[in-house]
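Trainee: dropping a prediction and its sequence here:
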Amino acid sequence: MRSDLTARIEEIATRVAASEGIEIVEVELKGAGAHRMLRISIDRPEGVTHGDCELISHQVGTILDVEDVIPGGRYTLEVSSPGVERKLTKPGDFERFAGQKAKVVLREPEEGRKSWEGVLAGFREGRILLEVAPDRTLEFPLESVERANLKFEWGTRS
């Protein structure tokens with residue numbers, strides 16, 4: 001369950017990022033006191049640069065500090081790209097990455113399995129489309145998904 005504090009931080013980060021053409025993929029706030037860690041994952045279609053991370057870190061960090069959003073004011077802010085196996089959480093993620101390999105873990109088994117890998121075939125009427133074999137596409141309601149992420153395929157060496 002998302003906390004109100006995390007939702008507030010995400011709203012601030014989204015506002016800052018949108019003006020730069022950057023997407024907020026995920027906001028995580030973990031720990032307590034001096035050991036509190038705020039992680040923000042960002043992305044853009046052409047990829048994320050070090051400068052993008054620095055910009056979001058500086059602007060979001062400044063707003064959080066000026067508005068005293070995080071109680072106690074002590075935290076470490078980390079801004080990075082979501083990586084090659086990024087999480088997929090929003091309907092737009094499943095549409096944007098159609099054609100790429102993904103892993104979907106369900107809350108309850110489907111055909112006796114909770115974990116499925118295949119090629120994303122899009123998103124339609126609240127359902128993720130996943131091609132699990134040639135000519136076999138399964139549909140999973142978004143709310144039945146525990147987690148989903150892209151799967152990076154390492155090339156083979158010649």
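Mentor: That came in fine, so what should we check first?
Trainee: okay, now the unreliable bits of the protein?
Mentor: Scanning the chain for pLDDT under 70 picks out 1-2, 155-158.
Trainee: show me where it has its helices.
Mentor: Here the chain has its helices, by DSSP state H, at 4-18, 50-66, 91-96.
Trainee: residues of the last one that come out buried?
Mentor: Of all the residues in helix 91-96, those buried under the rule 16 or more other C-beta atoms under 10 Å are Asp93, Phe94, Arg96. All C-beta spots, glycine's among them, are computed from the backbone N, C-alpha and C.
Trainee: then the second one?
Mentor: By neighbour count with 16+ other C-beta under 10 Å, helix 50-66 contains the buried residues Asp52, Cys53, Leu55, Ile56, Ser57, Gln59, Val60, Leu64.
Trainee: name the helices or strands packed onto that helix?
Mentor: Judged by 3 or more C-beta pairs under 8 Å, 6 or more residues apart in numbering; DSSP states H and E, helix 50-66 is in contact with helix 4-18, strand 37-43, strand 76-80.
Trainee: bridging across strands, which residues link to Leu138?
Mentor: Beta-bridge partners recorded for Leu138 (DSSP bridges): Leu130.
Trainee: ditto for Leu150
Mentor: Ala102.
Trainee: correct me if wrong: it contacts Arg96.
Mentor: No: in terms of C-beta atoms under 8 Å, Leu150 does not count as a neighbour of Arg96; the distance is 10.4 Å.
Trainee: neighbouring strands for the top strand by length along the chain, and are they parallel or not?
Mentor: Scanning the chain for the strand with the most residues, using DSSP state E, yields strand 113-124. Using DSSP bridges, strand 113-124 pairs in its sheet with strand 101-110 (antiparallel), strand 127-133 (antiparallel).
Trainee: buried stuff in the shortest one?
Mentor: The reference is to strand 127-133. Arg127, Ile128, Leu129, Leu130, Glu131.
Trainee: which of these lies closest to Asp43?
Mentor: Nearest to Asp43 out of these is Ile128 (C-beta to C-beta; 19.0 Å).
Trainee: need the nearest residue in space to the closest one, chain neighbours excluded.
Mentor: Counting by C-beta to C-beta, 6 or more residues apart in numbering, Phe140 is the residue found nearest to Ile128 once chain neighbours are left out, at 4.8 Å.
Trainee: which ones are touching the one you found?
Mentor: Val104, Leu106, Glu110, Trp116, Arg127, Ile128, Leu130 (C-beta atoms under 8 Å, 6 or more residues apart in numbering).
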